[in-house]
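Novice: coords please:
(one chain, ligands or ions: 3)
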Amino acid sequence: MKSFNAYILISLFSFLICVPALRAFEFRHHDNDELIAVLEDVHSRCPNITQVYTLSEKSVLGVPLYVIEFSSHPGHHQLLVPEFKYIANMHGNEVLGRELLLKLADYFCEHYLADDPAIKKLIEQTRIHLMPSMNPDGWQLSTDTGGQDYLLGRYNNHSVDLNRNFPDLDRIMFGNEQAHIEHNNHLLQQVDHLTEPIQPETKAVMRLIMQVPFVLSANLHGGDLVANYPYDASRSGALTEYTKSPDDQTFRHLAQTYASLHHGGMADKSRSGCGSDGFNFGKQGGITNGAAWYSVQGGMQDFNYLSSNDFEITLELGCEKYPAADTLSQEWENNRDALIGFIWQAHIGIKGLVKDALTGKPIANAVIHAKNITNGRDDDIKHDVTSVHAGDYWRLLTPGEYEITAFSPGYSAQTRRVKVDDLGEGKEAMRVDFWLQPLLPPPRPMEDDDVFDLDQDSNPSPGNSEYETYNDLLKDRLRSKWIYNIYKRAAAK
Ligand SMILES: *[C@@H]1O[C@H](CO)[C@@H](O)[C@H](O)[C@H]1NC(C)=O
Ligand SMILES: *[C@@H]1O[C@H](CO)[C@@H](O)[C@H](O)[C@H]1NC(C)=O
Ligand SMILES: *[C@@H]1O[C@H](CO)[C@@H](O)[C@H](O)[C@H]1NC(C)=O
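Specialist: Ligands and ions are numbered 1, 2, ... in the order given. The predicted model follows:
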């Protein structure tokens, strides 16, 4: 009897010491059930700094679309804290990003628990959303068929390429340029027709983009080795043509940051190209303008830039779309510093608050315009950002001198000159606040719903029941009117 008890104790003990081993992250291709298991495991180890949430829609085959968030206050937008996202596996057969994001989640948690000062600082100063798979159905099809086909599994289960399924805002932007219409941001209100119904996976991400005030993001793909930046669609309609966005310099800097921190040769000028299309992006330092490679309409990258305050680039993480499991650990080493260093880029440029100079009330939806005056230049950057919930805004900028102007209806505009320095990793954006003088007659008296409560719990965000703030701001300006019409139309088809 006694020895029997001892046997049970020993078994129990060995079971207990086995548990951490079971939990250790394994480099392999995680299926759709294992994906959420990894995220839940990270959340259970790091409950104070994580939240796992699902998007509003599931995939066509009913798989939930999961996101894990890292923040010092999970579930909440915090005043002046920039929001960042990585989305991977939008093309179901491009799978490296999916595994890298699962590992990144594990790494953040592990290093936070180990008191790694750099990771703690990053998470305290940035709200980071990681979405390992936007196309779990395509991943399944690709995996079930051996993972080696160039196209099989790329599309969602309705055979739609999700990276062509976003409303084509480039066309609207280029039309505005030609017609000298100044409207250069948050362009969804101008959408009057769609070329195809919006897929549930696309719709889910569109909602996310409308709901969270992202500042910076990347879309993780595979099939080449290059950091690709806007615009993805050519102005003239040509198949290949360098198509500058107003933020070309900033986007080149962002893409270069990823490429130069990549230890697998992305920026290596002497490497060979991936394939038969004749491009060797190493020669260009590992970066390319999207349309200069090939023109894409309805892509997610440009949609982010033109529908919200977010700056997005597209990362092609390797020649192999579905790399063998035994290469994943090396790929993590190749990409780790780049993945982390790129998140720090959410802190370049300036950020601040826009407030009513008389009442101190925050002004949401103020327009922030930048003019580049470096070395006597006088160049308006024709892409404005807007302030969000509590009057907070972020404006990514490369080093230089700028005139920054804040506008809001009912106020006189205010302009400030700023010098933006080259910040190293670990630094926050320079703070530039605006106090706008109300124009006469004075604004109507404050009403209850005008009061911006900075209490954490009143800041809705995905994962808690309210979840609509940024969207509501846009609605106020009629900017998101069209998204609801689009949904209705898409649902009718
Ligand atoms: C989480 O927060 C609680 C309360 O502040 C604290 O006692 C605990 O140590 C924290 N846990 C981790 C893993 O940081
Ligand atoms: C959709 O999913 C079903 C069930 O897994 C599969 O048999 C079919 O090939 C898929 N179709 C496409 C177009 O992906
Ligand atoms: C502003 O001009 C300077 C000097 O030409 C340049 O280095 C910088 O990148 C420009 N900034 C932006 C945001 O384009």
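
Novice: surely residue 147 and residue 322 touch.
Specialist: Yes: contact between residue 147 and residue 322 holds when scored by CB atoms under 8 Å: they sit 3.7 Å apart. From N, CA and C alone the C-beta is placed, and that goes for glycine too.

Novice: got any residues that touch both of those two?
Specialist: Taking CB atoms under 8 Å, 6 or more residues apart in numbering as the contact rule, the neighbours common to residue 147 and residue 322 are 93, 95.

Novice: give the residue spans of the stretch 351-493 of the chain that score low on pLDDT.
Specialist: Residues of the stretch 351-493 of the chain that meet the criterion pLDDT under 70 lie in 441-493.

Novice: hey, where'd the helices end up in it?
Specialist: Taking DSSP state H, counting those that start in this stretch to define them, one finds helices in the stretch 351-493 of the chain at 469-476, 481-492.

Novice: now do the stretch 151-300 of the chain
Specialist: Using DSSP H, counting those that start in this stretch, the helices assigned to the stretch 151-300 of the chain run over residues 169-178, 200-211, 248-261, 290-293, 300-307.

Novice: residues contacting residue 283?
Specialist: Listed by CB under 8 Å, 6+ apart, the contact partners of residue 283 are residue 269.

Novice: against residue 224, how distant is it?
Specialist: Computed with CB to CB, to the nearest Å, the distance linking residue 283 and residue 224 is 13 Å.

Novice: residue 396 too?
Specialist: Here the distance between residue 396 and residue 224 works out to 25 Å (CB to CB).

Novice: neighbour-wise, which of those two wins?
Specialist: In terms of neighbours (other CB atoms under 10 Å), residue 396 is the more surrounded of residue 396 and residue 224; the figures are 26 against 22.

Novice: for the nearest residue to residue 320 once chain neighbours are set aside, give me its contacts.
Specialist: Counting by CB to CB, 6 or more residues apart in numbering, residue 222 is the residue found nearest to residue 320 once chain neighbours are left out, at 6.7 Å. The contact partners of residue 222, taken as CB under 8 Å, 6+ apart, are 91, 94-97, 316-318, 320-323.

Novice: beta-bridge partners for the spatially most central residue of the chain, please?
Specialist: Averaging the C-alpha coordinates of the chain gives a centre point, and the residue nearest to it by CA atoms, centre = their mean is residue 217 (2.6 Å). In this structure, residue 217 has beta-bridge partners residue 85, residue 312, where bridges are defined by DSSP bridges.

Novice: walk me through the domains of the protein.
Specialist: The domain map for the chain lists 25-347, 350-439, with the assignment taken from automatic domain parsing.

Novice: so which of these is the most packed in?
Specialist: Mean neighbour count, computed with mean count of other CB atoms under 10 Å, is highest for domain 25-347 among these, reaching a mean of 20.

Novice: straight-line length of it, end to end?
Specialist: Its start and end residues considered, domain 25-347 measures 30 Å (CA to CA, to the nearest Å).

Novice: that domain and ligand 2, any residue contact?
Specialist: Yes: against ligand 2, domain 25-347 shows contacts by CB under 6 Å from any ligand atom at 61, 141, 157, 159.

Novice: give the contact list for the residue nearest to residue 230 when sequence neighbours are not counted.
Specialist: Distances taken as CB to CB, 6+ apart put residue 245 closest to residue 230, at 4.4 Å, once the chain neighbours are dropped. Residues touching residue 245, when contacts are defined by CB under 8 Å, 6+ apart, comprise 229-231, 251, 305, 383.

Novice: what do you get for residue 121?
Specialist: With contacts taken as CB under 8 Å, 6+ apart, residue 121 has the following neighbours: residue 426.

Novice: tell me which element it falls in.
Specialist: Under the criterion DSSP states H and E, the helix or strand holding residue 121 is helix 117-125.

Novice: whichever helix or strand comes after that helix: how far from the chain's middle?
Specialist: As assigned by DSSP H and E, the chain's next helix or strand after helix 117-125 is strand 127-131. Taking CA atoms, centre = their mean, to the nearest Å, one finds strand 127-131 lying 8 Å from the centre of the chain it belongs to.

Novice: partner strands of strand 127-131, with direction?
Specialist: strand 64-70 (antiparallel), strand 83-88 (parallel).

Novice: among those, which comes closest to ligand 3?
Specialist: Ligand 3 lies closest to strand 83-88 among the strands paired with strand 127-131, at 19.3 Å (CB to the nearest ligand atom).

Novice: helix or strand right after the closest one?
Specialist: Elements were assigned by DSSP H and E; along the chain past strand 83-88, the next helix or strand is helix 96-113.

Novice: what angle sits between that next one and strand 127-131?
Specialist: Relative orientation of helix 96-113 with respect to strand 127-131: 140 degrees, computed using axes from the mean of the first three to the mean of the last three CA atoms, to 10 degrees.

Novice: so which elements touch helix 96-113?
Specialist: Secondary structure elements in contact with helix 96-113, counted by 3 or more CB pairs under 8 Å, 6 or more residues apart in numbering; DSSP states H and E, are helix 32-45, strand 64-70, strand 83-88, helix 117-125, strand 127-131, strand 214-221, strand 311-318, helix 328-344.

Novice: off-centre distance for the third one?
Specialist: In other words, strand 83-88. In terms of CA atoms, centre = their mean, the centre of strand 83-88 is found 3 Å from the chain centre.

Novice: state the mean pLDDT of that strand.
Specialist: Confidence for strand 83-88, expressed as mean pLDDT, is 98.

Novice: ok, the fourth one next?
Specialist: Averaged over helix 117-125, pLDDT sits at 97.

Novice: show me what residue of the stretch 51-200 of the chain gets nearest to ligand 2.
Specialist: Counting by CB to the nearest ligand atom, the stretch 51-200 of the chain gets nearest ligand 2 through residue 157, at 4.0 Å.

Novice: which residues does that residue contact?
Specialist: For residue 157, the contacting residues are 59-61, 137-138, 141, taking CB under 8 Å, 6+ apart as the criterion.

Novice: re the thing from before, pick the one among the contacts of residue 222 closest to ligand 3.
Specialist: For these, the closest approach to ligand 3 (CB to the nearest ligand atom) belongs to residue 316, at 24.3 Å.

Novice: ok, what's across the strand from that closest one?
Specialist: For residue 316, the beta-bridge partners under DSSP bridges are residue 221, residue 226.

Novice: one step back: possible to save the strands paired with strand 127-131 as TSV with distance to residue 53?
Specialist: Formatted as TSV, the entries for these read as follows, by distance: least, CB to CB, whole Å:
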stretch	distance to residue 53
strand 64-70	5
strand 83-88	12
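
Novice: in TSV, list those strands along with distance to ligand 3.
Specialist: Rendered in TSV, the data for the strands paired with strand 127-131 read as follows (distance: least, CB to the nearest ligand atom, whole Å):
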stretch	distance to ligand 3
strand 64-70	28
strand 83-88	19
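
Novice: so which of the helices of the stretch 151-300 of the chain is nearest residue 274?
Specialist: Distances from residue 274 to each of the helices of the stretch 151-300 of the chain were compared using CB to CB; the shortest belongs to helix 290-293, at 11.8 Å.

Novice: I'd like to know which of the helices of the stretch 151-300 of the chain lies nearest to residue 25.
Specialist: Going through these one by one, with CB to CB as the measure, helix 248-261 comes closest at 21.6 Å.
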